[in-house]
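A.B. asks: Need a 3D model of the following:
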Amino acid sequence: MNKSKTSSVLQFLLCAVVAVSGCSRKPDVISQVASVFAENSAYKISAEQVESVLKRDGKDGLPQLDKYCALVGTTEKRLAIMTTSNHTVGVGMMILDRDGYLVVGKVIDGAPAAQSGIKEGDRIINVNDKSVVGMHLPDARKLMSQNPTQVKMTIEHSEGQRAQRFDVILKPVPFEFPTVSSTLLPGGIGYLRIMSLPVGISDKVKNEMDKLVAAGSKKIIVDLRYNSNGELSELPGLLKLFVGDGKTLFSEQSDKPAYSAVYKADAQAPYSAMQYAVIVNTQTVAGAEIVAASLHENASAPVIGVKTPGQVGVQHMFTLSDGRGLKITVALMTPPSGKQLDGQGLLPDAAVIAGEQQEELLKKEWFFSPGKILPGDQYVSQAVEALAGKGK
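C.D. replies: Next comes the predicted model:
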């Protein structure tokens, strides 16, 4: 079974109401669900309790048993599995609804949109030979997705007072979002942004850390904002880069011993001598919350930002006899201290109160600006201050 914490997109897909029969209409399914819970749930819950809830409330009762539990149809399950891939399928551009036009906000290097000559600020005039001027973005997205293999667009590109239009046919392809980036800040402080935790993240982080060390950095800001997608199997290897001496990295606790585990560091870690500060926000979720908490407790890294959501469940998908999938929490991750983060979240040492406009800018720009510090980013400013106050 895949022991991975699902992404925020995956959580949305799994938690969506699906057009399938309720559990209450299928006694055999009720028995299966009850058995899965009794044998695998992180919580102490009996099959009789599960059956009682499902017979009374149907699938709507599942959150009473496990707030992250969901029963999904075969299509949703298939989509859920697809989202755990390292790659995203698409044309590689962010579209904004601005002043009656659909405007290209960002373009990912190497993706189909960039290869077709589309640039930031371009307007989308037609989609599949239909005008989208004045059309709202959700309606335009439906139009764009009519043919999953390609989309035709008329693009308007302006230079000065001149506007040129050209047609492109974009074919969605798998491409990889940047997951790790780094830059050197004034004063020799290194800035490491980890945007997700896919397979192979440890090697990518090591490459960026080597760059910062070669540049003379001894103090590092680890930015985990908007990091809500990850493979839990990658956490031990990632944390072993920063934490050594055999320390506890994190634990997984469950009412079922088979799902409980304690992860330890190696004797030595390549970057354990560095000083760290960690940045988090409300979309620092799951594995990223554990990375932040572990660095906080093991490396005395101050946490900068806002309280995290406390979504630290380890979840598995179980297939029922009718083909539907049942996702339940089989364990809860905890930092070395054993402090319970589930539903509580990680509290920052230094809270950041950023304006609504600034937060909106960060959200829009984040994944399309790797290795770049956005102007007026108070999170980074406070992290720099926290590290500046630490000894050399």
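
A.B. asks: now the stretch 101-250 of the chain, which segments are flagged as low pLDDT?
C.D. replies: Residue ranges of the stretch 101-250 of the chain with pLDDT under 70: 175-177.

A.B. asks: Which stretches in it count as helices?
C.D. replies: Using DSSP state H, counting those that start in this stretch, the helices of the stretch 101-250 of the chain run over residues 112-115, 137-144, 201-214, 235-239.

A.B. asks: So which of those helices is nearest Leu387?
C.D. replies: helix 201-214 (12.9 Å; CB to CB). The C-beta positions use only the backbone N, C-alpha and C, and glycine is treated the same way.

A.B. asks: can you redo the helices of the stretch 101-250 of the chain as a markdown table with mean neighbour count?
C.D. replies: Shown next, in a markdown table, are the helices of the stretch 101-250 of the chain (neighbours: other CB atoms under 10 Å):
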| stretch | mean neighbour count |
| --- | --- |
| helix 112-115 | 19 |
| helix 137-144 | 14 |
| helix 201-214 | 17 |
| helix 235-239 | 21 |
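
A.B. asks: mind putting those helices in CSV, distance to Met93 included?
C.D. replies: Putting these into CSV (distance: least, CB to CB, whole Å) gives the following:
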stretch, distance to Met93
helix 112-115, 4
helix 137-144, 11
helix 201-214, 24
helix 235-239, 30
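
A.B. asks: who wins for proximity to Arg225 among the ones you listed?
C.D. replies: If you check each of the helices of the stretch 101-250 of the chain against Arg225 by CB to CB, helix 201-214 wins as the nearest, at 15.9 Å.

A.B. asks: Now do the SS call for Asp57.
C.D. replies: Three-state assignment for Asp57 (DSSP: H, G, I helix; E, B strand; the rest coil): helix.

A.B. asks: so it makes contact with Pro63?
C.D. replies: No: in this structure, Asp57 is not within contact of Pro63 by CB atoms under 8 Å, at 9.5 Å.

A.B. asks: still on that earlier bit, looking at the helices of the stretch 101-250 of the chain, which is nearest to Arg193?
C.D. replies: Of the helices of the stretch 101-250 of the chain, nearest to Arg193 by CB to CB is helix 201-214, at 8.7 Å.

A.B. asks: Pull the number of nearby residues for Gly244.
C.D. replies: Residues lying near Gly244 (other CB atoms under 10 Å) number 18.

A.B. asks: Please measure how far the first residue of stretch 204-222 sits from its last one.
C.D. replies: Distance between the boundary residues of stretch 204-222 (CA to CA, to the nearest Å) amounts to 14 Å.

A.B. asks: Which residue lies closest in space to Val205, excluding its sequence neighbours?
C.D. replies: Closest residue to Val205 apart from its sequence neighbours, by CB to CB, 6 or more residues apart in numbering: Val180 at 5.5 Å.

A.B. asks: Quick check: the one you found touching Glu208?
C.D. replies: Yes: at 5.3 Å, Val180 counts as touching Glu208 under the criterion of CB under 8 Å.

A.B. asks: Remind me which helix or strand Val384 belongs to.
C.D. replies: Take DSSP states H and E as the rule and Val384 turns out to sit in helix 378-388.

A.B. asks: Please report the number of neighbouring residues for Asp266.
C.D. replies: Asp266 has 16 nearby residues by other CB under 10 Å.

A.B. asks: now the nearest residue in space to it that is not next to it in sequence: how far from Ser272?
C.D. replies: Once flanking residues are discounted, Asp266 sits nearest to Lys240: 5.5 Å by CB to CB, 6+ apart. Separation of Lys240 from Ser272 (CB to CB, to the nearest Å) stands at 9 Å.
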